[in-house]
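Chemist: Fold the following.
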Amino acid sequence: MTAWNNYLKENTSRYLEELIDFLRIPSISSLPEHAADVNRAAEWVADRLKKAGIEEVQILPTEGHPVVYGQWLHAADQPTIMIYGHFDTQPVDRVLAVLLGHREQPVEAPGGGLHPRAAGPEQAHRADSLAVRQAELPAFQARRTGAR
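Modeler: Below is the predicted model of the structure:
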């Protein structure tokens with residue numbers, strides 16, 4: 001197993017806890033009363049980017065909600081990768097929440113998985129991407145410098 005695979009395996013429970021913390025932020029961008037929560041979600045993403053070794057991390061204000069930006073430019077001979085995604089969520093539809101079992105706070109489902117409020121592929125993918133970056137960067141840097 002590669003170093004980054006081992007890293008992810010050893011840190012799975014921590015990443016799951018971080019994902020649950022992220023999903024607890026009610027960053028509902030379409031409701032003005034949640035503007036501070038959207039900002040808090042931006043701060044969460046920025047913090048995780050920094051922990052993953054991404055540089056020049058910034059929270060950029062816009063006329064609407066903030067944008068989070070970061071870069072890591074130490075592989076000039078490699079293709080550029082851009083990760084884009086939303087970190088806001090959708091309002092909870094009370095009727096659907098009752099029918100589908102969605103909850104205001106994330107809960108672990110029997111047999112695995114999460115059933116959080118408004119969590120979909122975007123939020124989970126964002127957390128997954130950050131975890132993989134955090135695992136890959138040290139291994140990539142070691143290969144480029146010849147260190148082991």
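
Chemist: CA atoms for contacts and neighbours, from now on please.
Modeler: OK.

Chemist: Helices along the protein, start to end?
Modeler: 3-10, 12-23, 35-51, 94-100, 121-145 (DSSP state H).

Chemist: Tell me the confidence at Phe75?
Modeler: Phe isn't right for residue 75; it's Ala. Note on Ala75: pLDDT of 86.

Chemist: Now do it against Thr2, distance only.
Modeler: Computed as CA to CA, to the nearest Å, the Ala75 to Thr2 distance reads 20 Å.

Chemist: quick one, which of these two is more surrounded?
Modeler: Taking other CA atoms under 10 Å, Ala75 and Thr2 do not tie; Ala75 has more neighbours (11 against 8).

Chemist: worst-scoring helix or strand of the protein, pLDDT-wise?
Modeler: None of the helices or strands of the chain scores lower by mean pLDDT, DSSP states H and E than helix 94-100, at a mean of 50.

Chemist: Quick one: neighbours of His65, just the number.
Modeler: As a burial measure, His65 scores 15 neighbours (other CA under 10 Å).

Chemist: I'd like to know how far it sits from Ala35.
Modeler: Distance of His65 to Ala35, computed by CA to CA: 8 Å.

Chemist: what do these two both touch?
Modeler: Common contact partners of His65 and Ala35 (CA atoms under 8 Å, 6 or more residues apart in numbering): Ser29.

Chemist: OK, contacts around the residue lying closest to Gln58 once chain neighbours are set aside?
Modeler: Once flanking residues are discounted, Gln58 sits nearest to Tyr69: 5.2 Å by CA to CA, 6 or more residues apart in numbering. Remark: with contacts taken as CA under 8 Å, 6+ apart, Tyr69 is in contact with 46, 56-60.
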